[in-house]
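Colleague: Sequence and predicted structure, then a few things I'm wondering about:
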Amino acid sequence: MSPRAHWRGWTQLAADLNRLNHILIPATQEERDRWRASRIARALRWLVFAFGRFSADGQVLLAFALVAGVLALDVKTSDVYMASAALTGLLFASWACSFGLALQGVKVDVVVPRRVTVGDETVFTLAARNGGVRDLDTLVVRGPFLPWDGSWIVRRSGFARLPRQTASKTELSARFRSRGEHHLDPFRLQALVPFGLALGPALVTEGVRFLAVPRIANVVALSLLRGRRHQPGGLWGASRTGDSREIIGVRPYRFGDPTRDLHARTWARVGQPVVREYREEYFSRVGIVLDTDLAQDPDDHLEAGISLVAGIVAQLGRTEALVDVIVIGNTAYGLSLGRGLGTLDRALELLANVVPEGPFQPSALAARILPRLSSISCLVFVALRWDSPRRDFAQEIRSRGATCASFVVTALGTQADSPPGVTPISAAAVRAGRAVVL
């Protein structure tokens, strides 16, 4: 096995262990709130409350105090009980003083982008405003416990000073490795007790929700053999207002023609009224099909395929083509992305919630495409491997008169991994963000 395969194996093992460590932790905020209302959580609430009032330094000192307390049981042969008493007294005094540091008149909010990219740094902006009558010193901001796929880059921050009737901002950052909706518990703002061992009553924000979308593959060129199909009546909501038509020439004016179609230059040259003549515009519509049947393929092949579809949609958005439909697994989504009709964000929202589905059924998939095939000039098929069912699906599309551009995600991305007419794409190249030419 190659070193790269070994590395992928260890990475997958680490992700599985992270999931296992969080298996008892509810994924959404609603489920966590429901658990907090349970009988067990209510019984342990006082312990969590007392422990949470200590700072990071205070929690370390508390651990030492507990160890010293155990060793101090033998008071006849050891003087450790003196250290235990000193530590306990210092911690208790700090904890008792913390109740007098409530943040009166302070408001705090947290802002996070609605969409974040998997693997990129996510910045949480904490805005605090002191509407009270006194200045505040040494405020600490702490982030919540993250789900299995999250890791803090900066979990703690704060304000050295927050004068009265002023506002200030600070930032925390984290990174998330899994697509989909994320729900985080509130952030906490607390005043730090002198000596830095305890924290005052917490001021909490609202819970945080955001969508982690897949990384967009770096598709730098896309050459599809697509034609232009006639769209009767034009296309509603095209990139310019009014009828979406193409000018084909001029002709003599007839009673009832719109005056806005008069062509002044030709009228001046021939000496009689002339109007522009139009025909309905033609559009290049593209459909995209994403294979989600993993079977024996590694998970990173599906992630690479999702990123590749995102890159294709982004590249098509820079052209005159329209993304008419995206088929993900067994579900078809009717879209009209491109030419000002939509945004890449709509496609990313669909791709963010993709889950593996199988097995691959070419007949059922073709049935979902056929109602739209009359207007589609090219179908992009992103497969996770190439076998007879996928070959039959591509041939069925071509037999209906549409072009089918097939791409298969492979480990190496060489032509030896796929038959003629199918373009192999390296999963590692997509993950690494290298340029992809299709």
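Modeller: Right, received. Where do you want to start? Given the structure is predicted, the values throughout are model-derived calculations rather than measurements.
Colleague: Now do the domain split for the protein, please.
Modeller: 23-100, 106-213, 219-227+283-437, 247-280 (automatic domain parsing).
Colleague: Now find how far off-centre the shortest one is within its chain.
Modeller: In this view, domain 247-280 has its centroid 52 Å away from the chain centroid, taken as C-alpha atoms, centre = their mean, to the nearest Å.
Colleague: List the buried residues in that domain.
Modeller: 250, 253, 257, 263, 266-267, 274-276 (16 or more other C-beta atoms under 10 Å). All C-beta atoms are positioned from the backbone trio N, CA, C, and that covers glycine.
Colleague: Turn those residues into TSV, including pLDDT.
Modeller: Converted to TSV, those look like this (pLDDT from 0 to 100):
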residue	pLDDT
Val250	84
Tyr253	87
Asp257	83
His263	86
Thr266	87
Trp267	87
Val274	88
Val275	88
Arg276	84
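Colleague: With respect to Phe159, which of those residues is nearest?
Modeller: Arg276 (64.9 Å; C-beta to C-beta).
Colleague: wait, is the closest one part of a strand?
Modeller: Yes: checked against DSSP: H, G, I helix; E, B strand; the rest coil, Arg276 lies within a strand.
Colleague: Same list (the buried residues of domain 247-280) but as a markdown table, adding distance to Leu438.
Modeller: A markdown table is the format used below for the buried residues of domain 247-280 (distance: C-beta to C-beta, whole Å):
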| residue | distance to Leu438 |
| --- | --- |
| Val250 | 41 |
| Tyr253 | 48 |
| Asp257 | 46 |
| His263 | 42 |
| Thr266 | 44 |
| Trp267 | 48 |
| Val274 | 45 |
| Val275 | 43 |
| Arg276 | 38 |
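Colleague: Show me which pair in those is furthest apart.
Modeller: Distance extremes for these: the farthest pair is Asp257 and Thr266 at 13.6 Å, using C-beta to C-beta.
Colleague: returning to what we had before: and which of the buried residues of domain 247-280 is nearest Leu62?
Modeller: Closest to Leu62 out of these is Arg276 (82.8 Å), distances taken as C-beta to C-beta.
Colleague: give me every residue that touches that closest one.
Modeller: By C-beta atoms under 8 Å, 6 or more residues apart in numbering, Arg276 lies in contact with 247, 249-250, 261-263.
Colleague: Between which two of those residues is the distance greatest?
Modeller: Using C-beta to C-beta, these span at most 14.2 Å, a distance reached by Gly249 and Leu262.
Colleague: Verify the stated contact: Ala352 with Gly180.
Modeller: Yes: using C-beta atoms under 8 Å, Ala352 is in contact with Gly180, at 5.7 Å.
Colleague: ok, now which ones touch the closest residue to Val355 other than its chain neighbours?
Modeller: The shortest distance from Val355 to any non-neighbouring residue, by C-beta to C-beta, 6 or more residues apart in numbering, is to Thr292 (7.3 Å). Shown in contact with Thr292 (C-beta under 8 Å, 6+ apart): 302, 305, 328-329, 354-358, 384.
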